[in-house]
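>>> Mind folding the following:
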Amino acid sequence: MKILNIIGLSAFQIISFIFVVGYFFGILNNYFSDKNNYCAMTYMFEYPQYVRITLDENKIFPQYGLYAYSEGRFTERARKMWFDGVPVLFLPGNSGSHMQARSLASVALRKALSSKYEYHFDYFTINYNEELSGLYGGVLQSQTQFAAACVTKILSLYKSNRYTKSVPISIILIGQSMGGLIAKRLLAYPSTINTTNIVITLATPLEAPVINFDSVINDYYMLMNLEWEAYVRKYKEVEEKKFLITIGSGPRDVLVPAGLTSSNDSHISALTTAIPGVWVTPDHVSMVWCKQLVMVVNRFLFSIIDPHTTQVTENNQKIAASARQYFETNRSMILNPFIIRPNVTMQADSFWYEDNRRIYQISRPEIERTTHLMIRLVSFPQNRFVAVESVNVDDRDWIFGCNAKNVYNSYRYCKEATSLSELSRWTGAATNFGKRKLATVHLHKLMEIEPDWTHVIVKVSPTKKPIVLNVDINDHASREIDVKLPSDFSFGRNVIKDETEANSLYYELILSDLNLIHQAYLLYVEPTSTCQTTQYHVSAELHVPWARNHESFHYFTHLKNTPMKLRLFKSNPNVTLGLEAVDKVKITLLLDPKCTFRIRSVPFLTFLLENASWKNLELQYFTRSLLVLPAYMTALGILNVVAAAVLIVMVFSSQLAHRLLFRIVWRGGTGLAEKMAAGLQKVPMIMSAALVCAVPLSCGAASLAAGAAFYAFMLSKMYEEYLEDFVYRLMSKIASRICRMFKSKETKSATKSCPAKNVTATDKKYPLDESVNASTDDKSTNTENNDNSKALLPKVAEEKKEKCDTNEAKHEDEDLNNINFHMMLFFLWMAVTIVNIPALLTWARNFKYSMVLKPDTSYHTGFVMSACSAIIWQMDGPKKNLRHYDAVAALLYTMAIFILALGPFSLSIVNYGVTFMFTIITIQQLYDKEEPTEVTSEEHLESKVDNASDEKIPSKMDLETETKTEGTKSDTNPDPKSENFANEKATENDENTSECDVCNENRIYNIFKNLREKFSFSDSLEH
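Residues are numbered from 1 along each chain as shown. All right, here's what the predicted structure looks like:
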């Protein structure tokens, strides 16, 4: 604690700094734990061209533009406005470019040419001037209006002629980031509700805004929901036509959390990690060019085209089936009895093979003849379930059910069979480990649905690729492991399975306690010493039942055996509502049959102890609510670091702030700018008036930014007068405390004896003779007074020294109170300015089109803060002893708690809340009156003692020049000369004391100032 007192830091600040360090370690772990981007790049075969299309709405929105994408020889057709394909409109997102459509458009064009389709897609894209629509909601409405006008304009470009079978009546919309939000609204927008039916969103925050900077973005979300409620949800026939497909990324997208990318209006909501054939997690920008995702999106678009009309089919069931085929993964183990499946004729002369083992692997370098692997259906408990994994099997229908009652050349075979492909799915795999499929079949349920069937057949067509089939027949219950997750604060590894069964393929881990998004664990799957091969592959799939299509994959190989991060993007809705968790998270493990593995888990965060109170739901909710404290502690730590950085910059480079300011604002030279700024500093009212006038002429954010720069300049100038002394005083105080900690007792006694020697010398120079008095009464009186003075001398001297130190500290605090007051207000100003930065950037980007930002969400705060600056900037420091300081302090504390509680939901609360606090401080300093100070009895008694001592001591010093009759008078009216002499003597004693005490703050302070002057002098000589 002594060290903390010396440094001047509190334990609260130390803890917040520890949280900041942990926060940055988490950022490093998030970015560098897996730096590989597994998305393949898409390439254009010809140089992309963007043809501008003019609209009447460009007069209203000159900063926006509509373009048609084209390549090579097709560019000339686009320039002639000749379009005969299926129209697709791409809407970029936050700070996005219209050129981001090139990957989707180029792949669609090449697919149409290479496959010789009779139709193709015409891609259009919008240029939104790279506005920050995700941070500043004021541009969303104008972007929506322009997009609606683009839809109407695009459809008007298609004309009925002999080259087209039909004219399109609707447009497919693809939106990335905030562009997807606009695309969703266009589905219910009054002018486009009949011309838009299909929307695909890529990493779009449909649930809620990621960062809520202003209230306008809230109004946009509410208006969109009202339009959906009024025009879509009320009419079932309209709702059936609307297909909203929402696609999120996953953990690599740090800009838009995956939990915000789904919507209750979504027909299909999926993460890229769960989409068949993708299985990767792109970052936010990679969503538009990730080849795996681009290919799936284009396959879906081509599948919903009616070949007769060469436009989007009007069969809603076909569109829904295609969406499920390309964006969803079937994880069923049981056939749907209501689906009619056609029979398939099987080849009798192919190779039919039946293996009676329950667990085995078949590996062949190639297949020359069609092969059928037969799995018998029996009612034994250990044959209840089968998992079949195939590697490099390209057949779409590869697993069947049949009755093997026919015989061909002495072996049994199935003449007809029914496809069970709905029970199979593609599974992810690491690079260079082949394409893998998995079929999971509940054999006993299959026997109940189809009692005539005798076998499940696995078909493998001839191929030159190496083929591997892994078969695991078991009772399913033995492969389900209910995992008891360890406590979050336990540091050991929890062993889930010490060793898996030999040659086994399939395991399921049931995580009953993983229900909330703040829970996080690591899963380790490590080969044991009995592994028969040096190369292995294990895939793990995390399935969240309440978040459909939010699965994620992880691969354990001999090349990369990093742990799997177990985390959720959505909490269990039953748990958040206080109900019992019915659905449970499941991890499906597909092991390498050549190895046995050890499965372990490690927690990130939970509780130390579990007891009977753990069943108390109210206690659980309260404890979970405390999880927000680390975020606040981290924010506080970052604030302390920023404040310390600002202080250090201003201390060690006082000219840095205004030098940078002049280089930015006045590029021609700093001479004239220095003179202008110095003049404005003397008359800050001019600057305040300019800021107030700038609000309606530009935007409130620009006024706030200019005011922050000017305030920083004022503070840098104030440093030259105040802050230097403050820093040296602080450094001398710290050095003095450190010196006193390590100083020996002998040094302390020497320090105490040094003032005594000074007093002795004074006594020798000015002896006190009590026999000077004439009368006996006067002599007795003087003798009594002298005795009292002698008794009070040590005490008075000590009290005077303490009083001088107190007065000196008060004088320092008085000087430094001004800089602290303005520094606090400067940070409040900066908080408001930072919140309005999106408005400032939007205004700067659109400045060449309009000088005034409309709508301006920073108008009111900019106007109020600028008006308050006219009062604050003219004050040297705060007024003291104001009557309502306590009431204002209570109001500010209440407002601070209100901002902390509701600020994370909307930063507009921070914006207006801090402005309100700034205004309250300004009004109080302007109108509140000072309270008269009252002298307490203790202070009066102390002043009496000081006066008595001051009167007695100088009279004794001047006894040689005083007469007997003047002795009494001198007690009440001391000679000014003697008083000056006593003051000089007291100063001399203090200086002697400072010289004797090597740990004295004044002495150390003088050393620092001398060093500063020395360095400043040497710097001036160099220049």
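>>> V832 sits in which helix or strand?
With the criterion set as DSSP states H and E, the secondary-structure element containing V832 is helix 776-835.
>>> What is the following helix or strand past that helix packed up against?
If you walk from helix 776-835 toward the C-terminus, the next helix or strand you reach (DSSP H and E) is helix 837-845. With contacts defined as 3 or more CB pairs under 8 Å, 6 or more residues apart in numbering; DSSP states H and E, the packing partners of helix 837-845 are helix 700-718. Just so you know, the C-beta spots here come from the backbone N, C-alpha and C atoms, and that holds for glycine as well.
>>> try 10 Å this time
Contacts defined by 3 or more CB pairs under 10 Å, 6 or more residues apart in numbering; DSSP states H and E place helix 837-845 against helix 700-718, helix 859-872.
>>> How about the backbone phi and psi for M447?
M447 has phi and psi values of phi -70, psi -30 when expressed as degrees, to the nearest 10.
>>> which non-adjacent residue is nearest it?
Using CB to CB, 6 or more residues apart in numbering and skipping the chain neighbours, the partner closest in space to M447 is L377 (5.4 Å).
>>> swap in T345?
With CB to CB, 6+ apart, the residue lying closest to T345 is E416, at 5.9 Å.
>>> tell me which element D283 falls in.
Counting by DSSP H and E, no helix or strand carries D283.
>>> and the closest residue to it other than its chain neighbours, what does it touch?
Residue nearest to D283 in three dimensions, not counting chain neighbours: R252, with 4.9 Å by CB to CB, 6+ apart. Taking CB atoms under 10 Å, 6 or more residues apart in numbering as the definition of contact, the neighbours of R252 are 30-31, 34, 36-39, 258, 272-273, 280-284, 286.
>>> Specify the local secondary structure of R252.
coil (DSSP: H, G, I helix; E, B strand; the rest coil).
>>> ok, it to T557 distance?
R252 sits 20 Å away from T557, taking CB to CB, to the nearest Å as the criterion.
>>> From the contacts of R252, list the buried ones, please.
Among those, those that count as buried by neighbour count (16 or more other CB atoms under 10 Å) are D34, Y38, C39, A258, T272, T273, V280, T281, P282, D283, H284, S286.
>>> quick check, nearest of these to H455?
Closest approach to H455 among the buried ones among the contacts of R252 (CB to CB): T273, at 34.8 Å.
>>> Pretty sure that closest one sits in a strand.
No: with three-state DSSP as the criterion, T273 is assigned coil and is not in a strand.
>>> ok now do it, which residues does it touch?
With contacts defined as CB under 10 Å, 6+ apart, the neighbours of T273 are 248-252, 258, 279-282, 428, 541-542, 549-554.
>>> pretty sure the residue nearest to M447 contacts F385?
No: using CB atoms under 10 Å, L377 makes no contact with F385, being 11.9 Å away.
>>> How far does stretch 62-70 sit from its chain's centre?
Centroid separation for stretch 62-70 versus its chain: 33 Å, with CA atoms, centre = their mean, to the nearest Å.
>>> re earlier: which of the contacts of T273 fall within strands?
Cross-referencing the contacts of T273 with the strands (criterion: DSSP state E) gives G248, E541, L542, S552, F553, H554 as the overlap.
>>> Tell me how many other residues surround the second one.
When counting by other CB atoms under 10 Å, one arrives at 24 neighbours for E541.
>>> How about the fifth one?
Other residues near F553 number 19, with proximity taken as other CB under 10 Å.
>>> Excluding chain neighbours, give the residue nearest to it in space.
Closest residue to F553 in three dimensions, ignoring its sequence neighbours and counting by CB to CB, 6+ apart: G428, at 3.9 Å.
>>> Also the second one?
Taking CB to CB, 6+ apart, and ignoring the residues beside it in sequence, E541 has T588 as its nearest neighbour in space, at 4.5 Å.
>>> Secondary structure class of that neighbour, three-state.
Per three-state DSSP, the local secondary structure of T588 is strand.
>>> need the contact list for it.
Going by CB under 10 Å, 6+ apart, T588 touches 331, 387, 427, 438, 440, 479, 506-509, 539-543, 551, 553.
>>> Dig out what it forms beta bridges with.
On DSSP bridges, the residues paired with T588 through beta bridges are E508, E541.
>>> how close does it get to S390?
Computed with CB to CB, the distance linking T588 and S390 is 16 Å.
>>> same question, Y235
In this structure, Y235 and S390 are separated by 46 Å, where distance is defined by CB to CB.
>>> Of these two, which one has the most company?
Here Y235 and S390 are compared on neighbour count by other CB under 10 Å; more neighbours surround S390, at 27 against 11.
>>> distance of F385 from H822?
Applying CB to CB, the value for F385 to H822 is 74 Å.
>>> Revised request: answer the last question for L730.
Distance from L730 to H822, counting by CB to CB: 18 Å.
>>> for Q311, same thing?
In terms of CB to CB, Q311 sits 67 Å off from H822.
>>> cool, S529 as well?
According to CB to CB, S529 stands 69 Å off from H822.
>>> more crowded one of the two?
Shown here are S529 and H822; by other CB under 10 Å, H822 has more neighbours (22 against 7).
>>> quick one: the more buried one from Y353, how far?
Note on H822: its distance to Y353, by CB to CB, is 87 Å.
>>> Contact partners for T915?
Listed by CB under 10 Å, 6+ apart, the contact set of T915 reads 704, 828-829, 831-832, 835, 860-865, 868.
>>> Just give the nearest non-adjacent residue to it, would you?
T861 (4.7 Å).
>>> That neighbour: neighbour count?
A total of 26 residues lie near T861 under the criterion other CB under 10 Å.
>>> just checking, it touches L828?
No: between T861 and L828 no contact is recorded; they are 11.4 Å apart, counting by CB under 10 Å.
>>> what touches both of those two?
V914, T915, F918.
>>> The second one sits in which helix or strand?
In this structure, T915 sits in helix 907-927 according to DSSP H and E.
>>> mind saving the C-alpha coords of that helix as PDB?
Included here for helix 907-927 are C-alpha records, laid out as PDB according to Å, rounded to 0.1, in the frame of the first residue of the first chain:
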ATOM      1  CA  LEU A 907     -24.600   6.100 -27.400                       C
ATOM      2  CA  SER A 908     -27.100   8.900 -28.000                       C
ATOM      3  CA  ILE A 909     -27.700   8.700 -24.300                       C
ATOM      4  CA  VAL A 910     -24.000   9.400 -23.700                       C
ATOM      5  CA  ASN A 911     -24.200  12.200 -26.200                       C
ATOM      6  CA  TYR A 912     -27.100  14.000 -24.600                       C
ATOM      7  CA  GLY A 913     -26.200  13.000 -21.100                       C
ATOM      8  CA  VAL A 914     -22.700  14.400 -21.200                       C
ATOM      9  CA  THR A 915     -24.100  17.600 -22.800                       C
ATOM     10  CA  PHE A 916     -26.500  17.900 -20.000                       C
ATOM     11  CA  MET A 917     -23.700  17.600 -17.400                       C
ATOM     12  CA  PHE A 918     -21.600  20.200 -19.200                       C
ATOM     13  CA  THR A 919     -24.600  22.600 -19.300                       C
ATOM     14  CA  ILE A 920     -25.400  22.100 -15.600                       C
ATOM     15  CA  ILE A 921     -21.800  22.900 -14.700                       C
ATOM     16  CA  THR A 922     -21.900  26.000 -16.900                       C
ATOM     17  CA  ILE A 923     -25.100  27.300 -15.400                       C
ATOM     18  CA  GLN A 924     -24.000  26.800 -11.900                       C
ATOM     19  CA  GLN A 925     -20.700  28.700 -12.500                       C
ATOM     20  CA  LEU A 926     -22.700  31.500 -14.100                       C
ATOM     21  CA  TYR A 927     -25.600  32.000 -11.800                       C
END
